[in-house]
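1. what follows is a predicted structure for the sequence shown.
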Amino acid sequence: MKRIFLLFLLAVIFLSCSAEKQKTDTEIESDSTVDTFKIEEPLPIPGAAAFDEYLPILEGKKVGLVVNHTSLIGDVHLLDTLLAQGITVTKIYAPEHGFRGEADAGAHIESSVDSKTGVPIVSVYGSKRKPDAKDLEDVDVLVFDIQDVGARFYTYISTMHYMMEASAENNKQMLVLDRPNPNGDYIAGPIRAEGLSSFVGLDPIPLVHGLTVGELAKMINGEGWLAGNKSCDLTIIPVKNYDHNTKYSLPVAPSPNLPNDVSIRLYPSLCLFEATVMSIGRGTDFPFQVVGYPDSTYGNFEFTPVSIPGKSTHPKLEDQKCYGVDLRNTSLDHQFTLKYIIDFYKKAGNHPKYIDRSQVFNRLAGNTTLQQQLKDGLSEEEIMKSWEPELAEYRQMREQYLLYPDFE
């Protein structure tokens, strides 16, 4: 029966890839239907599909899964795959947005039970961000399989860090089933400074870190970033047919407000606006693809954020008509830029309330200097130049943790 299921699952993956191939033989379009790119063949195959490499590790073990709605092999969830193979899954650990990926950003996630399988779900985005010994007492091996987007403040990597830490503290083995990074073709932004560690920046890495989750896990272990300088018993199942030049279109939205390729490419550039009075489109059909404010001096494009339960129940500037810029035509070659945050700062006339959550801005930026550089009127070129010495050190350090050929 196991062999039949595996053959069936492999057929599903093959058909899914074939469908994608038919699409990529012409062009892959973002959900906004405004930009296209070709994906190089053969298509990347995530670590979760490499059954022969990790099923033997899990057989006869009690397994805890750190997963969400992105943990798919073809169209089948990793949980269903493992259960069908007779693997004993005793716990699910749910990150931000929950196990099914349907909760608002920042929404408190409650522990519960999966209605389909009866497996207990432990929240690691609620009253605690790291499981304790009791949460892990019936687990031998932890498996992390969540799609990341390559930005330091995307909280799934912070969840991975804490799960590695819990694994090290409780003598558990941890597997990371690696997946491609859709922003893994470059490095940019400031390194998170000492004293600014938070859930939107646990590790001292650039804003755009240029790593897969597997490579980052190796770095966290290798650099001694876990509490107490502990080391996690780590195994990484790599992606096949992947390097850091690979263009990768995610098969499922990684979180409710990153609905397409354009939003994912713009996310590193626009997330800093979360700490300002401006809207970046939460409460619309195009979050992280616009910037605006209820003042016509900010631009000609109009949009009105409204309540969208499960995406943005109470978005910033709810029910207020905003004016600004429409970025849905942005090229999928887009890389991190300060252009938008600087332009809107200038339009605001250095209004002291432009950055209305100063400490949040610093945590997102990863330092306390960017905010002052904006106030001082420095250009994008001047600000980015100030980051180069630390980025040069990071690039050199990063090389020893790469699992895939690097970008050119």
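-> It's in. Numbers count the residues shown, from 1 in each chain.
2. and residue 122, bridged to which residues?
-> Beta-bridge partners for residue 122, by DSSP bridges, are residue 93.
3. what about it, neighbour count?
-> Neighbourhood size, residue 122 [other CB atoms under 10 Å]: 22. No exception for glycine: its C-beta is placed from N, CA and C like everyone else's.
4. ok, it touching residue 136?
-> No - look at residue 122 against residue 136 with CB atoms under 8 Å: they stay out of range, at 9.1 Å.
5. list the residues that contact both of these two?
-> Listed as contacting both residue 122 and residue 136 by CB atoms under 8 Å, 6 or more residues apart in numbering are residue 91.
6. where does this protein have low pLDDT?
-> 1-41, 100-110, 350-352 (pLDDT under 70).
7. name the residues of stretch 54-65 that are buried.
-> Going by neighbour count (16 or more other CB atoms under 10 Å), the buried part of stretch 54-65 is 54-55, 58, 62-65.
8. quick check: closest non-adjacent residue to residue 326.
-> Leaving aside its sequence neighbours, residue 326 sits nearest to residue 301 (CB to CB, 6 or more residues apart in numbering; 4.2 Å).
9. quick check: the gap between that neighbour and residue 339.
-> 16 Å (CB to CB, to the nearest Å).
10. can you check residue 154 too?
-> For residue 154, the distance to residue 339 - CB to CB - is 21 Å.
11. name the residue in those two with the higher neighbour count.
-> Neighbour count, other CB under 10 Å: between residue 154 and residue 339, residue 154 has more, with 22 against 10.
12. where's the more buried one, which helix or strand?
-> Using DSSP states H and E, residue 154 is not contained in any helix or strand.
13. need the contact list for it.
-> 148, 267.
14. could we number from 34 for the rest of this?
-> OK, 34 is where the count begins now, so the last one is residue 187.
15. going along the chain, name the strands of the stretch 34-183 of the chain.
-> 61-62, 69-70, 95-100, 105-106, 109-110, 121-127, 145-146, 153-156, 174-178 (DSSP state E, counting those that start in this stretch).
16. parallel or antiparallel, which strands does the fourth one pair with?
-> Spelled out, that is strand 105-106. Strand pairing (DSSP bridges) places strand 105-106 next to strand 109-110 (antiparallel).
17. quick one: the strand it pairs with to chain centroid distance?
-> Relative to its chain's centre, strand 109-110 lies at 19 Å (CA atoms, centre = their mean, to the nearest Å).
18. how about stretch 337-346?
-> Distance, centroid of stretch 337-346 to centroid of chain: 21 Å (CA atoms, centre = their mean).
19. and it, how far apart are its ends?
-> Terminal residues of stretch 337-346 lie 14 Å apart, using CA to CA, to the nearest Å.
20. buried ones in that stretch?
-> 337-338, 341, 344-345.
21. farthest-separated two in these?
-> Using CB to CB, the buried residues of stretch 337-346 span at most 14.9 Å, a distance reached by 337 and 344.
22. now do the helices in this protein.
-> Remark: helices assigned in the chain by DSSP state H are 35-57, 84-91, 111-117, 166-169, 189-202, 246-255, 294-303, 372-380, 391-398, 402-408, 413-431.
23. measure residue 284 to residue 400 for me?
-> Residue 284 sits 35 Å away from residue 400, going by CB to CB.
24. and the two? which has more neighbours close in?
-> residue 400 (23 against 14).
25. distance check, that one against residue 305.
-> Note on residue 400: its distance to residue 305, by CB to CB, is 12 Å.
26. among the strands of the stretch 34-183 of the chain, which comes closest to residue 262?
-> The nearest among these, by CB to CB, is strand 174-178 at 20.0 Å.
27. which residues sit against the closest one?
-> Outside strand 174-178, the residues within contact range by CB under 8 Å, 6+ apart are 79-81, 87, 90-91, 94-100, 104, 111, 126, 169, 193, 196, 199-200, 205-210, 212, 246, 250.
28. then stretch 408-416?
-> Applying CB under 8 Å, 6+ apart, the external contacts of stretch 408-416 come out as 370-372, 375, 383, 403, 406.
29. OK, contacts around residue 188?
-> Taking CB under 8 Å, 6+ apart, one finds 128-129, 158, 232-233 in contact with residue 188.
30. which one of the residues you listed is nearest residue 275?
-> Nearest member of these to residue 275, counting by CB to CB, is residue 128, at 22.9 Å.
31. which residue is nearest the centroid of the protein?
-> Among the residues of the chain, residue 181 comes closest to the average C-alpha position under CA atoms, centre = their mean, at 3.1 Å.
32. that one is in contact with residue 212, isn't it?
-> Yes - counting by CB under 8 Å, residue 181 does reach residue 212; the two are 7.1 Å apart.
33. now list whatever residues contact both of the two.
-> Here residue 181 and residue 212 share the contacting residues 245-246, scored by CB under 8 Å, 6+ apart.
34. now residue 424: how far from residue 294?
-> Counting by CB to CB, the gap from residue 424 to residue 294 is 25 Å.
35. neighbour count winner among those two?
-> With neighbours defined as other CB under 10 Å, residue 424 and residue 294 compare such that residue 294 has more, 24 against 17.
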